[in-house]
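In: Fold the following for me, if possible:
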Amino acid sequence: MKKPKKRFAALLAVLAAACALALPGHAEGGLPADLPAVSCEAFIILDADSGQAILEKNADERLYPASITKIMTLGLALRKANGDWSGQLTVSDEAVYSLVGTESSHIALQPGEVVNLEDILYATQLASANDGANVLACCIGGSIEGGVEEMNRQAQALGLENTHFTNPHGLMDSGHYTSARDMAAITRWALGQPGFETLFCRTDTWEMGPTNLQPETRYFGTDDWMRVGQEKYREYALGSKSGYHIDAGQTFVTLCEQDGVRLIGVLMKDLTKETKFADACALMDYCFANFVRADAPAGDSS
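Out: Here you go, the predicted structure:
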């Protein structure tokens, strides 16, 4: 006999409370007793449509995001582009030289290089290019500093209390932090920007053609094991962004959908790339196996 699914409602807090009380068993911290063990420091699983948190652990702890920072950068760039990705950008000295001396993912952009906006969007998403993120920040705010100001302004507009950005890419800085809950809110907002879901969910390799300063074609692809792997492959996985540096550990944001339920998952400070994907699979498998959407009942009944 199949195990009955727990029911969650997206709209009414009273239903969410009643649902939580109805769970068959809870471990310490309010998590279900049958939830698989995970190694990440913090996580949250959010209903993408309603914003309701379904499962969470240390979701308000301030942690370093690493390259999942770029979700905010990309969201702002796409909002400014408003669906038109045909523009061209000129790479500034600042976008390149500010990364000198860092262990930085990049696509070897050069000062004065003229690049297509579309290429830089995919480079920042798929190759996690820090120089690409710098170029987008300059596009957003006229300079890297101006772009970061826009990032913090948007965080304030979303009501985020545990987020502050000092750069557009996520390299280590003690003043650059967010929380799993805030990152889920940023992702949910970004999904509403023109073209973000197309960008976020691309699995195929992207080709960036030659430019005025680069005669070779550059290729970018995703390393999301849930979408292109074997053991960790999940058909329900739609899109993602990964991050890593030594202080942040492994960070991950994923968008998944099954049976009409869309979930955003955020994992922060995981141990290794392998445990990150194992944790994401375990949490999403659990949610899709144990929760279904339920409409709010009529009247005052809960």
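In: What segments of the stretch 1-150 of the chain are strands?
Out: Here the stretch 1-150 of the chain has its strands, by DSSP state E, counting those that start in this stretch, at 6-8, 42-47, 53-57, 88-90, 114-116.
In: so how far is Glu235 from Cys256?
Out: When C-beta to C-beta, to the nearest Å is the yardstick, Cys256 and Glu235 sit 10 Å from each other. No exception for glycine: its C-beta is placed from N, CA and C like everyone else's.
In: rewinding a little: tell me which of the strands of the stretch 1-150 of the chain is the most buried.
Out: With neighbours defined by mean count of other C-beta atoms under 10 Å, none of the strands of the stretch 1-150 of the chain is more surrounded on average than strand 42-47, at a mean of 24.
In: picking up where we left off before, just want to know which of Cys256 and Glu235 has more residues nearby.
Out: The residue with the greater number of neighbours, taking Cys256 and Glu235 and applying other C-beta atoms under 10 Å, is Cys256; the counts read 26 against 10.
In: how about the helix or strand harbouring that one: buried residues?
Out: Element membership for Cys256, per DSSP states H and E: strand 249-258. When neighbours are counted by 16 or more other C-beta atoms under 10 Å, the buried residues of strand 249-258 are found to be Gly249, Gln250, Thr251, Phe252, Val253, Thr254, Leu255, Cys256, Gln258.
In: Distance to Leu76 for those residues - can I get that in JSON lines?
Out: Formatted as JSON lines, the entries for the buried residues of strand 249-258 read as follows, by distance: C-beta to C-beta, whole Å:
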{"residue": "Gly249", "distance to Leu76": "26"}
{"residue": "Gln250", "distance to Leu76": "25"}
{"residue": "Thr251", "distance to Leu76": "19"}
{"residue": "Phe252", "distance to Leu76": "21"}
{"residue": "Val253", "distance to Leu76": "16"}
{"residue": "Thr254", "distance to Leu76": "21"}
{"residue": "Leu255", "distance to Leu76": "18"}
{"residue": "Cys256", "distance to Leu76": "24"}
{"residue": "Gln258", "distance to Leu76": "30"}
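In: Tell me how many other residues crowd Gly51.
Out: The number of residues near Gly51, taken as other C-beta under 10 Å, comes to 12.
In: shouldn't it be in contact with Thr187?
Out: No: in terms of C-beta atoms under 8 Å, Gly51 does not count as a neighbour of Thr187; the distance is 10.8 Å.
In: on that earlier part again, figure out which of the strands of the stretch 1-150 of the chain is closest to Tyr219.
Out: Smallest distance to Tyr219 across the strands of the stretch 1-150 of the chain (C-beta to C-beta): 14.9 Å, for strand 114-116.
In: and the closest one, average pLDDT?
Out: Regarding strand 114-116, the rounded mean pLDDT is 98.
In: Can you tell me the closest non-neighbouring residue to Ile246?
Out: In space, Ile246 comes closest to Met172 once its chain neighbours are excluded; the distance is 7.7 Å by C-beta to C-beta, 6 or more residues apart in numbering.
In: Let me fix that, I meant to ask about Glu197.
Out: Nearest one to Glu197, counting by C-beta to C-beta, 6+ apart, is Leu191 at 5.6 Å.
In: any chance you could map the helices in this protein?
Out: If DSSP state H is used as the criterion, the helices of the chain fall at 13-22, 70-81, 93-97, 117-126, 130-141, 144-157, 180-190, 196-200, 225-228, 273-290.
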